[in-house]
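Participant: 3D model of this:
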Amino acid sequence: LISSATKSLRMETEILEKKLQDAQMKLAEKDGDKEKEIQSLKRLISDLEFQLTMEKSNNESFLDKLRKEIKHKSDELEKLTQERTQLIHSLSQVQEENSLLQDTVRRECEERFELTAALGRAREQVLELRRLSGTL
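Facilitator: Residues are numbered from 1 along each chain as shown. Alright, predicted model coming up:
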């Protein structure tokens with residue numbers, strides 16, 4: 001009976017040891033698969049971090065270009081604003097000069113009209129004097 005029980009226990013032990021070995025092999029396979037997956041994920045993370053670094057670098061470069069362009073445009077705008085101010089000042093001066101010239105022309109035209117009228121009166125007087133001297 002003991003021999004049979006021992007034999008039965010040995011068989012059961014062998015079965016359990018075989019199941020344990022199978023379970024250990026499966027566990028080792030799963031560990032290997034998980035390690036491969038971990039390595040794959042690490043590579044993926046590394047690639048994504050590199051891409052992120054490149055994108056950041058590209059964005060910084062793009063931002064620098066934009067900043068330079070904005071500075072250039074701002075300087076250009078300031079220059080154009082100064083030119084506009086100078087042109088407005090020049091226009092104002094030209095308008096004043098034009099107004100002065102128009103006033104001068106108006107006064108000279110009035111003087112000419114007065115001189116023409118005086119000349120006409122003087123001619124009439126001369127003609128009148130000639131008639132009077134002719135009748136004398």
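Participant: and the helix or strand hosting residue 106, what does it pack onto?
Facilitator: Following DSSP states H and E, one finds residue 106 within helix 2-135. Counting contacts by 3 or more C-beta pairs under 8 Å, 6 or more residues apart in numbering; DSSP states H and E, helix 2-135 is packed against no other helix or strand. (Glycine included, C-beta is placed from N, CA and C.)
Participant: Distance-wise, check residue 16 relative to residue 25.
Facilitator: Per C-beta to C-beta, to the nearest Å, residue 16 is found 15 Å from residue 25.
Participant: Repeat that for residue 54.
Facilitator: Separation of residue 54 from residue 25 (C-beta to C-beta): 43 Å.
Participant: Could you do residue 122 as well?
Facilitator: 140 Å.
Participant: Check residue 74 too.
Facilitator: Distance from residue 74 to residue 25, by C-beta to C-beta: 72 Å.
Participant: in this structure, what spans have low per-residue confidence?
Facilitator: For the chain, the stretches with pLDDT under 70 are 136.
Participant: and if we set it to 90?
Facilitator: Residue ranges of the chain with pLDDT under 90: 1-2, 132-136.
Participant: What count of nearby residues applies to residue 120?
Facilitator: Burial of residue 120 is recorded as 10 neighbouring residues (other C-beta atoms under 10 Å).
Participant: Quick check: the gap between it and residue 71.
Facilitator: Applying C-beta to C-beta to residue 120 and residue 71 gives a distance of 72 Å.
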